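S.K.: Please find the sequence and the predicted model below.
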Amino acid sequence: MNQVQLVGRLTKDIELRDVQGAKKVGSFTLAVDRRNKEKSADFIRCKVWNVQAMVMAKHIKKGHRVGIVGRIETGQYEKDGHTVYTTEVVVDNFEFLEPKRSQPQGDGFVDVGDYSDLPF
């Protein structure tokens, strides 16, 4: 079984481009925190296709937290006479989790005004 689930933040906006005629592909890197005492992360290259690519590119920006489910895909190509091996996650499904907070959100309480007219 080849399935991976990741939760992380985009390191930059999704790069959307046309390939093979009408197909679209979105490329991005996901910063996934490691579970240890040190502050460290893994940077996972990801790609997403077609309608999902367009939706993600429109709504998810640098710093946004997202959950993805996909599969690992490996490949290789030649560069300057050397073989370069690649590993990336092909996104099958995703979920918006939260945008990056740009300013403090307060204490979560809303002032509803005077309570003197309540029946109890």
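M.R.: Nice, I can see it. Predicted, not measured: the structure shown is a model, and the values here were computed from it.

S.K.: I'd like to check which residues are in contact with the most centrally placed residue in the chain.
M.R.: For the chain, the residue nearest the mean C-alpha position is V66 (4.2 Å; CA atoms, centre = their mean). Counting by CB atoms under 8 Å, 6 or more residues apart in numbering, V66 makes contact with 7-10, 30, 56, 60, 94-97. Where you see a C-beta, it was placed from the backbone N, CA and C, and this is true even at glycine.

S.K.: what's the pLDDT at it?
M.R.: Per-residue confidence at V66 stands at 95 (pLDDT).

S.K.: Same check on Q103?
M.R.: The per-residue pLDDT reported for Q103 equals 51.

S.K.: Start the count at 20 instead of 1 going forward.
M.R.: Understood, numbering begins at 20; the last thing we discussed is Q122.

S.K.: Which residues does T48 form beta bridges with?
M.R.: Beta-bridge pairing of T48, defined through DSSP bridges, involves R64.

S.K.: actually V103, not the one I typed
M.R.: On DSSP bridges, the residues paired with V103 through beta bridges are Y96.

S.K.: What separation do you get for it and A72?
M.R.: Using CB to CB, to the nearest Å, one gets 24 Å for the distance from V103 to A72.

S.K.: Out of the contacts of V85, which comes closest to K43?
M.R.: Within the contacts of V85, distances to K43 taken as CB to CB reach their minimum at M75, with 10.5 Å.

S.K.: So which of V103 and A72 has more stuff around it?
M.R.: More neighbours surround A72 than the other of V103 and A72, with 22 against 10 (other CB atoms under 10 Å).

S.K.: Now the more buried one: which helix or strand?
M.R.: helix 69-78 (DSSP states H and E).

S.K.: Tell me which other helices or strands that helix touches.
M.R.: strand 34-38, strand 42-52, strand 101-117 (3 or more CB pairs under 8 Å, 6 or more residues apart in numbering; DSSP states H and E).
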